[in-house]
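Novice: Coordinates for the following, if possible.
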Amino acid sequence: SVYVKGTVVIGEGEMDEAPMLYIGEKVGSMRGPKVDIAVDPLEGTEIVAKGLGNAFSVIAIAEAGCLLHAPDMYMEKLAVGPALAGKLQLSDPVEVTLEKAARILNKPVSDLTVMILERERHRDILQKLRAAGVRIKFLNDGDVAGAMAPAFPATGVDLYMGSGGAPEGVLAAAALRCLDGEIQGRLLPQNDEEYNRCIRMGIVEPHKILYMTDMIGSKDVIFAATGITSGDFLQGVRFLPDQRAETHSLSMRAATKTIREIKTIHFLPNRALDKQTS
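Specialist: Next comes the predicted model:
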């Protein structure tokens, strides 16, 4: 076990909904520093089912009390890379956000690329984006990857907009903290039950804008992801001859700004050894 006293604050659901990695579960050796853990073993379930890209397994770890206990509901989001971090506001109209971004990046609005989940609920935003003439890059699923995209120049994405899962917003915030990017969010409770759930989880103003410091209350956070299907910044699992498999992982730490890419060859029969030593 890892040398931490870990508590899952974002996981696979409530205790009675998930067999493991449920919210509140204690993990680690129960020795060492106390930490909060946010985890999504399969970010992009539908992606894998359809054989599409950008699915990965992801975890974020921070000092205890420093990760937002995000309820399982929608969150409105605006995510950007380092060049735009701290310079835009989620509360601004879409048109104003695009104009500000274009001015800061020194390019015409029509040269901006905005990534957004392809969902019916985004119809109004899409109308405004098309009216402004920006390039739109649709995402089928995988909200964390979408929010991270503006921090990777190779994706060509300038901004990520729209609504997605609140827990995924916190995971994305952990990644962007390491990458000097930024995400702003605002919870979108759909009914009284969801609103009251926010209150119970300690979010006393559910409709207020959440900044990086609200979602990640520490300057140090560790983020790691391993590709399942190939995407913008991670290669998927490759099965090789002789019972081997290759994985591609990304490991980042905010305090040191260290970013590691790790390719690993696994000898699959050794999985039995893992069970014996766990």
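
Novice: In the protein, where's the longest helix?
Specialist: Ranked by residue count and defined by DSSP state H, the top helix of the chain is helix 166-179.

Novice: Can I get that helix as PDB, trimmed to CA atoms?
Specialist: Extracted in PDB, the C-alpha atoms of helix 166-179 (Å, rounded to 0.1, in the frame of the first residue of the first chain):
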ATOM      1  CA  ALA A 166     -18.600  18.600 -11.600                       C
ATOM      2  CA  PRO A 167     -16.200  15.800 -10.300                       C
ATOM      3  CA  GLU A 168     -14.500  15.900 -13.700                       C
ATOM      4  CA  GLY A 169     -14.100  19.600 -13.200                       C
ATOM      5  CA  VAL A 170     -12.100  19.100 -10.000                       C
ATOM      6  CA  LEU A 171      -9.900  16.400 -11.800                       C
ATOM      7  CA  ALA A 172      -9.300  18.900 -14.600                       C
ATOM      8  CA  ALA A 173      -8.400  21.600 -12.100                       C
ATOM      9  CA  ALA A 174      -5.700  19.400 -10.600                       C
ATOM     10  CA  ALA A 175      -4.200  18.800 -14.000                       C
ATOM     11  CA  LEU A 176      -4.400  22.500 -15.000                       C
ATOM     12  CA  ARG A 177      -2.800  23.500 -11.700                       C
ATOM     13  CA  CYS A 178       0.200  21.400 -12.800                       C
ATOM     14  CA  LEU A 179       0.200  22.900 -16.300                       C
END
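
Novice: Adjust the sequence numbering to begin at 50 for everything that follows.
Specialist: Okay, using 50 as the starting number, the last item reads as helix 215-228.

Novice: Show me which positions of it end up buried.
Specialist: Buried residues in helix 215-228, counting neighbours by 16 or more other CB atoms under 10 Å, are found at 215-228. Using the backbone N, CA and C atoms, a C-beta is placed for each residue, glycine as well.

Novice: what does stretch 163-182 give?
Specialist: Residues V163, M164, I165, L166, R168, H171, I174, L175, L178, A181 are the ones in stretch 163-182 that count as buried (16+ other CB under 10 Å).

Novice: Phi and psi next, for the residue located most distally from the centre of the chain.
Specialist: Taking CA atoms, centre = their mean, the residue of the chain most remote from its mean C-alpha position is D291, at 34.5 Å. Dihedral angles phi and psi of D291 (degrees, to the nearest 10) take the values phi 60, psi 40.

Novice: residues in contact with it?
Specialist: With contacts taken as CB atoms under 8 Å, 6 or more residues apart in numbering, D291 has no neighbouring residues.

Novice: Could you list the domains of this structure?
Specialist: Residue ranges for the domains of the chain, per automatic domain parsing: 54-119+271-326, 123-261.

Novice: Which of those domains comes out lowest on mean pLDDT?
Specialist: In terms of average pLDDT, domain 54-119+271-326 trails the rest of the domains of the chain, at a mean of 90.

Novice: next one: that domain to chain centre, how far?
Specialist: Computed by CA atoms, centre = their mean, to the nearest Å, the chain-centroid distance of domain 54-119+271-326 equals 12 Å.
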